[in-house]
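S.K.: 3D, please:
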Amino acid sequence: MGGTVTVTDGRAVVPPVVPAALRGRLAAVAALAALMVLVLGVRYAGDAGPGRTDARIGEAAYGAGAPWWHIASATDFLGDPAGALLLLAAGVTGCLLLRWQRAAVLLVAGSGAAVGVTKLLKPLAARTINGDDNLAFPSGHTAFLTAFALTVALLATGRLGLGPAAGTALVLGAASAAGAAMGWAQVATGAHYPTDTVGGWGTALAVVPAVAWAVDRTADAALRHRRG
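M.R.: As a prediction, this is how the structure comes out:
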């Protein structure tokens, strides 16, 4: 369980970062999320303004007064390079204290890959906000915090030994809560349209399960090689 290395028949068994009970469900979630990002990207490609849904939501969220503006700014900081590094440093330290190296790798690789994919998608969607130089879709800030929360919840699921239903609820609940919080902050500060943040949330849901699978496969292959 968790980051503890168990021994079976004289061999060390390192737990995966993706519990077997969640693999099929996460694959389905990732596929649906990727489809959603594709649809939104095509729908808003080349736009330089909000859609009808964006305008309605943005009107309610944008320009929040104190103390909400300060809360939104603090939340936004968590997606900036300095804030992201602080979160990752804390998460990696926790994983290493638990002696769960592959979990530390997933925290960094999953979050980094989610943000990296948003950077690749932005010029393809070519949606702008606050000027032609500010590419908007999908939101990298939202993708980062969603990916970080999803990964932490995924690791907690394995460590607590949760079943498929409880584990899926925890992972999706954490990812959705983080995505909603950062999405609100991005809209409130005028950095993104609401649909940009949905795209960032979906990007993380699509990317992190794939990265987690790759981390497990690579770590297991390396372990078999050392044994051989």
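S.K.: Distance check, the residue nearest the centre of the chain against residue 175.
M.R.: When Cα atoms, centre = their mean is applied to the chain, the residue found nearest the centroid is residue 147 (1.4 Å). Counting by Cβ to Cβ, to the nearest Å, the gap from residue 147 to residue 175 is 8 Å. Where you see a C-beta, it was placed from the backbone N, CA and C, and this is true even at glycine.
S.K.: joint contacts of these two?
M.R.: residue 204 (Cβ atoms under 8 Å, 6 or more residues apart in numbering).
S.K.: At which residues are the strands of this protein located?
M.R.: 6-8, 11-13 (DSSP state E).
S.K.: lowest-confidence stretch among those?
M.R.: With a mean of 40, strand 6-8 has the lowest mean pLDDT of those.
S.K.: Kindly state the pLDDT recorded for the residue nearest to the centre of the chain?
M.R.: 98.
S.K.: go on, residue 67?
M.R.: Listed pLDDT for residue 67 reads 88.
S.K.: give me every residue that touches it.
M.R.: For residue 67, counting by Cβ under 8 Å, 6+ apart, there are no contacting residues.
S.K.: Distance-wise, check it relative to residue 59.
M.R.: 20 Å.
S.K.: Residue 85 too?
M.R.: Here residue 85 is placed at a distance of 34 Å from residue 59 (Cβ to Cβ).
S.K.: cool, residue 72 as well?
M.R.: 16 Å.
S.K.: Can you list the buried residues in stretch 29-45?
M.R.: Judged by neighbour count using 16 or more other Cβ atoms under 10 Å, the buried positions of stretch 29-45 are 29-30, 33-34, 36-37, 40-41, 44.
S.K.: Now flag whichever of the residues you listed is closest to residue 212.
M.R.: Checking those against residue 212 by Cβ to Cβ gives residue 30 as the nearest, at 9.8 Å.
S.K.: is it true that the closest one touches residue 211?
M.R.: No: using Cβ atoms under 8 Å, residue 30 is not in contact with residue 211, being 10.1 Å away.
S.K.: which residues in this protein form helices?
M.R.: Remark: helices assigned in the chain by DSSP state H are 23-43, 52-61, 68-77, 81-97, 101-125, 140-160, 164-188, 194-227.
S.K.: The second one relative to helix 68-77, how many degrees between them?
M.R.: Spelled out, that is helix 52-61. Orientation of helix 52-61 against helix 68-77 (axes from the mean of the first three to the mean of the last three Cα atoms, to 10 degrees) gives an angle of 120 degrees.
S.K.: So what touches helix 52-61?
M.R.: In contact with helix 52-61 (Cβ under 8 Å, 6+ apart) are residues 50, 184, 187-188, 193-195.
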